[in-house]
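*Asks:* Provided below for reference: sequence and predicted model.
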Amino acid sequence: MNKEQYQVVIVDDDPVCLRMAKRMLSKGGIRVSCVRSGHDLLTLIEKYTPDLILLDILMPEMDGFDTYRALQEYEESAGRTSTPVIFLTGESDVEMERRGLKTGASDFIRKPFDKDILLKRIINTIENNRMIESLTEEATVDRLTGFLNKISGTDTISKCCMDHRGALMIFDLDSFKLVNDLFGHDMGDRVLVAFSNIVRNNIREEDVVSRIGGDEFLAFFRDVSDEKSVSALCERLNEQLEKEAEKLMGAEHGIPLGISIGVAFAPEHGRSYKILFSYADNSLYRVKQAGKHGYEIYSMESDPESGEEDLETELLRTSQIVEERGDSKGAMLLGQDAFSWNYRYVVRFMERYDGVANRLLFSLSIRAKGPMFSEVAAEFAAVLQRTLRKSDIIWQSKPNKFFVLLPQLSERDTPGVIRRITRAWERTGYHQRAEISYRSSPIVVEK
């Protein structure tokens, strides 16, 4: 990014120093704002977000350290990311420099300034901060939809439930599986992107949305606590999704695509995220049972947990949850416990019914500098999921190792599977940065 877009605030009680620093930075193409005290900075920062702050340590009333602490407290309370700070001082005090860096400052520059050094340190600090922000965003955002992913979304919305009044909502796309089955998974992704844009156009800055499953989303709407608002939102989402579906798949696509919403209110129904999610989930199930394309707000009277259900109703309810959700395009990527349970089940099945199964262990090794290793590993996991069957299961046993179980696949069929995975990996372009190796062996059970 061009440095002309950098915006820097200088905080110093010495007007001569302010003029000199501003002249140097302005000639270097940086936009500069000057304030004379820590109080002035805190006032400015409420309406303005600079890329970096140059903060003098020795100032009357409120020194640099006190100002920095106040800045951190404000940014934390306002939910803003931390602005990088470089301390300025005319003193050659090593202990002061150590203290400044210990508080979390990005750098420490002594007066008088050398123009080239000052510019280089500012640019490096801003660029490094932006790179960290970018990597942090990649780790917390769902790539397809641009919303928070399940882990970061759950954490953020849990805090919202504890701290704010509002509505926790679960969105579930009705009949989405038919899109994948009839039009293919690429069309399914396009529908998800279209729905995400619709949601984005119907929320405010303070609302939070997370993708928690294939076609399932979780949201928290601040200060929403009435049925009228929920009803209006549900109607808008369904109407707009119908129009987008026609654009993507044609007016005669024939799929009853829509949105079902389960809702629970905080604090009316509680503050615990787990409890509110459970309430919203139960409400969502009842919408599905009632014909979909609608919403329901949790109430004790309609809670299935508060009354007796016959076994047939419970069977239908549980089956619908399993069938509606968790639909995967390919193999399942499981944690250690879930993988172990499935592995043992396959072995027992083989013992009882004379089945066959094979196992693979893939290892990744970086061969060239490039993206973070976690990004490479995530891409390889996605390749495995896309390439393998729905009956296959994957466990990332180590950051660079993937254990794959292939039920009902004989040893002679394994080379074909490996060739498909290798070709799919090469198509990603990541194969130039990371090499894969593997070992395979059949599962042998004793009779």
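*Replies:* All right, it came through fine. Numbers count the residues shown, from 1 in each chain.

*Asks:* OK, contacts around Ile170?
*Replies:* Ile170 sits next to Glu216, Phe217, Leu218, Ala219, Ile261, Gly262, Phe277, Ala280, Asp281, Leu284 when contact means C-beta atoms under 8 Å, 6 or more residues apart in numbering. Bear in mind the C-beta positions are built from the backbone N, C-alpha and C, glycine included.

*Asks:* would TSV of these with pLDDT be doable?
*Replies:* Formatted as TSV, the contacts of Ile170 follow (pLDDT from 0 to 100):
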residue	pLDDT
Glu216	93
Phe217	96
Leu218	96
Ala219	96
Ile261	96
Gly262	95
Phe277	92
Ala280	93
Asp281	91
Leu284	92
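
*Asks:* so of these, which ones are in helices?
*Replies:* Using DSSP state H, Phe277, Ala280, Asp281, Leu284 are the members of the contacts of Ile170 that sit in helices.

*Asks:* Going through the residues you listed, which ones are buried?
*Replies:* The neighbour count (16 or more other C-beta atoms under 10 Å) marks Phe277, Ala280, Asp281, Leu284 as buried among the ones in helices among the contacts of Ile170.

*Asks:* The helix or strand containing Gly153 - contacts with which helices or strands?
*Replies:* Using DSSP states H and E, the element containing Gly153 is helix 150-163. If you count contacts as 3 or more C-beta pairs under 8 Å, 6 or more residues apart in numbering; DSSP states H and E, helix 150-163 packs onto helix 115-140, strand 166-174, strand 208-211, strand 216-222, helix 273-289.

*Asks:* List the contacts of the fourth one.
*Replies:* Applying C-beta under 8 Å, 6+ apart, the external contacts of strand 216-222 come out as 145, 147, 153-154, 156-157, 160-161, 164-173, 199, 203-204, 206-212, 229, 233, 277, 325.

*Asks:* For PyMOL, what selects the buried ones among these?
*Replies:* Of the contacts of strand 216-222, the buried ones can be selected in PyMOL as follows, counting by 16+ other C-beta under 10 Å:
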select buried, resi 145+147+153+154+156+157+160+161+164+166+167+168+169+170+171+172+173+199+207+208+209+210+211+212+233+277
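
*Asks:* mind putting the helices and strands packed on helix 150-163 in JSON lines, distance to Gly335 included?
*Replies:* Output for the helices and strands packed on helix 150-163, formatted as JSON lines (distance: least, C-beta to C-beta, whole Å):
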{"stretch": "helix 115-140", "distance to Gly335": "18"}
{"stretch": "strand 166-174", "distance to Gly335": "22"}
{"stretch": "strand 208-211", "distance to Gly335": "19"}
{"stretch": "strand 216-222", "distance to Gly335": "19"}
{"stretch": "helix 273-289", "distance to Gly335": "19"}
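
*Asks:* In stretch 331-351, which residues are buried?
*Replies:* Result for stretch 331-351 [16+ other C-beta under 10 Å]: buried residues Ala331, Met332, Leu333, Leu334, Phe339, Asn342, Tyr343, Val346, Val347, Met350.

*Asks:* Apart from its neighbours in sequence, what residue is nearest the second one?
*Replies:* What it means is Met332. In this structure, Met332 finds its nearest non-sequential neighbour in Ile393, 5.1 Å apart by C-beta to C-beta, 6 or more residues apart in numbering.

*Asks:* ok, now which ones touch the one you found?
*Replies:* Contacts of Ile393 (C-beta under 8 Å, 6+ apart): Ala331, Met332, Leu333, Leu334, Phe339, Asn342, Tyr343, Val404, Leu405.
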